[in-house]
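Engineer: Sequence and predicted model, in that order:
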Amino acid sequence: MTKPIFSIIIPVRQPNSYLRETIRKLKKQSFKKYELLVITDKISQQYSRDQCHLGPSFKRNLGAKLARGKFLAFIDDDSYPHRHWLKNALESFSKSDISAVCGPSLIPKSDSVSRRASGLFWSTFLGSGGAGSYRNKIANPRFVDDFPSVNFIVRRSDFNRTGGFNTDYWPGEDTLLCLAITHRLKKKIYYDPKVIVYHHRRPVVIPHLKQISRYAISRGHFAKKFPKTSLRPGYLLPSLFLLYTLLLPFLYHQNRLFLLPLAVYITAVILTFFQLLIQKNSLPASLLAVATIPITHLYYGLMFVVGFSKKSLKFTPHQVNQSTGEYVGG
């Protein structure tokens, strides 16, 4: 059997409709020299009986151990790749000193308004904040030091040198892998806008906020423990915005000029709405996206503080509907 160039690794609790869609799309890849490793709970249990090892980090590490390819291509089960995903990634790896390649996660056109609104939130500068809107829209090529594993391809040799994903964390395990690549190995992660996947986002508002809660708690904890890439203004601003809104009645009583930051913020939200319309997004999805922005910022700000105050984080496996394999909640 011909040795594959890429080993595509998908962690999943159990098979579901999204996974089946992902596999259908993978079969249409223009670059054919790849193998596919789907790591489920059942497969994980053959290697470890520890409940904490049912997480995505352990599954991705297990996939990497079983892989034969030169490159490890990580993608989530609720995402599917562009037809030239692997072909374009291979071209990027031809550049010198590239350890990993990543690219945007776009909104599938077929998704519901509530899911598209969540994706649009992440694609805007105001919405994504510290995470960077380039992760969720086509942007200029660049080098990055933090990127989610929904669309992340890394040299297997470098992955092994880092020790792989930290199984103590989810989410955030991808942040730590990127930190190891860029700071410990002193190598580069290249964002290529042609390396595209399509990601089914959590619908707004409740599932979206549940996911935001996990991100914010993880990032808040990392801001204290791993500040090199997590203690950044974009991640801190929602907490400052929350504090400002709580103090605003008192501040306004002292001086009406304290309303100015709120006016600037509201103006930014309105401009974001028109930006989405100019980009030819639907009116309902655009309205729902911008309405989600202040709610998300306030909630993220609160959960970031919660995460910062925690001494440690405990991994909890994502709940799943046993009959369908679909994830429950956010």
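Structural biologist: Perfect, thanks for sending it. Residues are numbered from 1 along each chain as shown.

Engineer: CA atoms for contacts and neighbours, from now on please.
Structural biologist: OK.

Engineer: what separates the closest residue to Ala64 other than its chain neighbours from Thr229, distance-wise?
Structural biologist: Computed as CA to CA, 6 or more residues apart in numbering, the closest residue to Ala64 that is not its neighbour in sequence is Leu72, at 6.9 Å. Using CA to CA, to the nearest Å, Leu72 is found at 23 Å from Thr229.

Engineer: And Gln279, by the same measure?
Structural biologist: Counting by CA to CA, the gap from Gln279 to Thr229 is 31 Å.

Engineer: Looking at these two, which one has more neighbours?
Structural biologist: Neighbour totals were compared for Gln279 and Thr229, and Thr229 leads with 15 against 8 (other CA atoms under 10 Å).

Engineer: Find me the pLDDT at the residue nearest to Val12 when sequence neighbours are not counted, would you?
Structural biologist: Distances taken as CA to CA, 6+ apart place Thr40 nearest to Val12, at 5.0 Å, with adjacent residues excluded. The model reports Thr40 with a pLDDT of 92.

Engineer: Buried residues, stretch 211-229. List them.
Structural biologist: For stretch 211-229, burial by neighbour count (16 or more other CA atoms under 10 Å) applies to 212-224.

Engineer: Just the helices from the stretch 201-330 of the chain, written as ranges.
Structural biologist: 206-225, 227-230, 233-254, 260-278, 283-309 (DSSP state H, counting those that start in this stretch).

Engineer: Report all helices and strands that the last one contacts.
Structural biologist: When contacts are defined as 3 or more CA pairs under 8 Å, 6 or more residues apart in numbering; DSSP states H and E, helix 283-309 packs onto helix 113-123, helix 125-128, helix 206-225, helix 233-254, helix 260-278.

Engineer: returning to what we had before: can you redo the helices of the stretch 201-330 of the chain as TSV with distance to Arg116 and mean pLDDT?
Structural biologist: Formatted as TSV, those follow (distance: least, CA to CA, whole Å; pLDDT from 0 to 100):
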stretch	distance to Arg116	mean pLDDT
helix 206-225	11	95
helix 227-230	27	94
helix 233-254	23	95
helix 260-278	12	97
helix 283-309	6	97
